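In: coordinates for the following, if possible.
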Amino acid sequence: MRKIIEQKVSNGYSLDLGKLIDESFATFKKTFLIAGLGLIIVSVVVLLIYILLLGTFFGFSNFTETMTSLESLATDKTFIIGNAVVSMFFSALFAPTTAGFIHLNHLSATKKEFSFSNLFDFYKGYFFKQLFLSYLIIGFTTAVITSVLTLLGFEFFNSVVQIFIGLFTIFTVPLIIYGEQNYLEAITKSAQLFFKQPFIIIIALIIAGIGMLLGIFVLCIGILFTLPFIYSMYYAIYAQSVGFKEASPIDESGLE
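Out: This next block holds a predicted model:
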């Protein structure tokens, strides 16, 4: 698999936008319910832990006071830096869950059974370490840049920075769980692979975003049940650009 990835990095690859849409929607239809429930649970857990940490650190007595204080602290330098550090570790801690959302699509595409528990498979062993470290580096880079921009009064650029970093690292998770790459290799190769087909990838993600919005307004099933479509598109992009060997590391590890 390593040789295949090196070839893709050197020689590039082709993407068919129509197939990306078809393949991502095909796996999304089969996984959105489990993925949506998973997002609800993860979102609630993250919010509760975040509020608890803030309340403990700042001594807030209740939720309302916490929310009110957050608004007043939005420009406080200590809070900006502290919030960036907390966000970085949260991102790293829940990176295996992101891998789980993507992997649901692989299980669906390969016609294997999957369940809610598969979302948390990557908290085991080797993959947890690699995913945690990769997102720690990505989160640290994002936190440093956005914190500096905020402190300089250019916080309106933060979203742009986060979008670009997200694009450069789009292949990171699948390269770790399917491509036999460690965290540093995955981040580096991800950026290289992205620049081989940047425009089609961006268009595909925009379409995925539009699809999420259509799901909300047309189907009225809520953002947490349409948001998994983005993970389906991530998977489709990786599957079409890099692909898999017959027995991937994730297969051999017994997680499936």
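In: so which elements touch the helix or strand that contains residue 230?
Out: Applying DSSP states H and E as the criterion places residue 230 in helix 228-241. Applying 3 or more C-beta pairs under 8 Å, 6 or more residues apart in numbering; DSSP states H and E, one finds that helix 228-241 contacts helix 17-58, helix 95-109, helix 172-177, helix 198-214. Backbone N, C-alpha and C define where each C-beta goes, glycine included.
In: that helix versus helix 198-214: what angle between them?
Out: Here helix 228-241 points in a direction 150 degrees away from that of helix 198-214 (axes from the mean of the first three to the mean of the last three C-alpha atoms, to 10 degrees).
In: relative orientation of helix 228-241 and helix 17-58 in degrees?
Out: Angle, helix 228-241 to helix 17-58, by the same axes, to 10 degrees: 130 degrees.
In: geometric centre of the chain: which residue is closest?
Out: residue 98 (5.0 Å; C-alpha atoms, centre = their mean).
In: low-confidence stretches in this protein?
Out: By pLDDT under 70, the low-scoring segments of the chain are 53-80, 215-224, 246-256.
In: go again with 50.
Out: 252-254, 256 (pLDDT under 50).
In: which non-adjacent residue is nearest residue 21?
Out: residue 207 (6.2 Å; C-beta to C-beta, 6 or more residues apart in numbering).
In: against residue 7, how distant is that neighbour?
Out: Separation of residue 207 from residue 7 (C-beta to C-beta, to the nearest Å): 28 Å.
In: the two: which has the busier surroundings?
Out: Using other C-beta atoms under 10 Å as the criterion, residue 207 and residue 7 rank with residue 207 on top: 16 against 12.
In: quick one: residues contacting that one.
Out: Contacts here follow C-beta atoms under 8 Å, 6 or more residues apart in numbering; on that basis residue 207 touches 17, 21, 233.
In: let me see the contact set for the closest residue to the last one other than its chain neighbours.
Out: This means residue 233. Distance criterion C-beta to C-beta, 6+ apart; nearest residue to residue 233, sequence neighbours excluded, is residue 208 at 4.0 Å. Shown in contact with residue 208 (C-beta under 8 Å, 6+ apart): 24, 229, 230, 232, 233.
In: list the buried ones in the helix or strand hosting residue 145?
Out: Using DSSP H and E, residue 145 sits in helix 125-151. Neighbour counts over helix 125-151 (16 or more other C-beta atoms under 10 Å) mark 127-128, 130-143, 145-147, 149-150 as buried.
In: gap between it and the chain center?
Out: 12 Å (C-alpha atoms, centre = their mean, to the nearest Å).
In: how near is residue 150 to residue 159?
Out: Taken as C-beta to C-beta, the span from residue 150 to residue 159 is 12 Å.
In: touching, residue 121 and residue 103? I think so.
Out: Yes. Under the criterion of C-beta atoms under 8 Å, residue 121 makes contact with residue 103 at 6.9 Å.
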